[in-house]
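Trainee: Sequence and predicted structure below; questions after.
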Amino acid sequence: MTTNTKRRVKAVYQRLLLAYGPQRWWPADTPYEVCVGAILTQSTSWANVENAVANLKKARLLSNDRILKTRNRRLAGLIRPSLYYNVKARKLREFARFLAKEYGGRVENMALEETGELRRKLLAVWGLGPETADSMLLYALDKPSFVVDAYTKRIFTRMGLIPADATYDEVKGFFETNLPRDARLYNEYHALIVEHGKNTCKMKPRCKGCCLKAMCRSA
DNA sequence: GCCCAGGTGGGTA
DNA sequence: TACCCACATGGG
């Protein structure tokens, strides 16, 4: 990995920060709420997730014990706005069962586990893929685990920094080797990528007015 | 009315 | 391994 690559990765961050300002993620009140949101936001816009989380709060079900005690059908009804509500209800309960069994139902106890080992355990839970697991590590536990999503790959592939067929772990590795190991930086960088993806990447004609245009091969 | 969003699991060849 | 499909709401 060249110092030039490191410079470009840093330059992208600075351009995004300048364009969108600090994002200060994750939008949630507690680490547990981050974990729930990470599951609910799978392939779903955040606005829909907010409605689903609000329903859970209103029903006083936003706790590991309550989710474990609630039937799938009731849970699914409450998280209906978040799309794929039946599978997501199961995912919430699978996570709740895991948290109860391994960590006494407390997210803070997860934080005591070594990051690599915890990531392996999270990935073994049904319904938790790499992006969801990394979101929990980074945004709920403040662990330096870079989160990769569809926007990340799209943006950095267009800039010629990442091959189009790169796997999730390869993209994650790209960022972790080209950035200082800093949870706050990873946090802000991913949040900025999402913000950028939601706005500029949809622009037509593509890249017009994009803050990364000067750095983008396909612009 | 159409498109797509802060993915993941399962089935098939 | 590499695809393809199911899941299935709501805002622009």
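Mentor: Alright, I've got the coordinates.
Trainee: in which helix or strand would I find residue A:60?
Mentor: Counting by DSSP states H and E, there is no helix or strand that carries residue A:60.
Trainee: Now the terminal residues of stretch A:107-117, how far apart.
Mentor: End-to-end distance for stretch A:107-117: 15 Å, by Cα to Cα, to the nearest Å.
Trainee: contacting residues around that stretch?
Mentor: Contact partners of stretch A:107-117, identified using Cβ atoms under 8 Å, 6 or more residues apart in numbering, comprise A:30-32, A:35, A:99, A:102-103, A:118, A:121, A:136-137, A:140-145. Using the backbone N, CA and C atoms, a C-beta is placed for each residue, glycine as well.
Trainee: Can you flag the buried ones in these?
Mentor: Buried residues within the contacts of stretch A:107-117, counting neighbours by 16 or more other Cβ atoms under 10 Å: A:31-32, A:35, A:99, A:103, A:118, A:121, A:136-137, A:140-141, A:143-145.
Trainee: Could you look up the SS state of the residue nearest to residue A:56 when sequence neighbours are not counted?
Mentor: Computed as Cβ to Cβ, 6 or more residues apart in numbering, the closest residue to residue A:56 that is not its neighbour in sequence is residue A:62, at 4.7 Å. Under DSSP: H, G, I helix; E, B strand; the rest coil, residue A:62 falls in the coil class.
Trainee: what do you get for residue A:209?
Mentor: Applying three-state DSSP: residue A:209 is coil.
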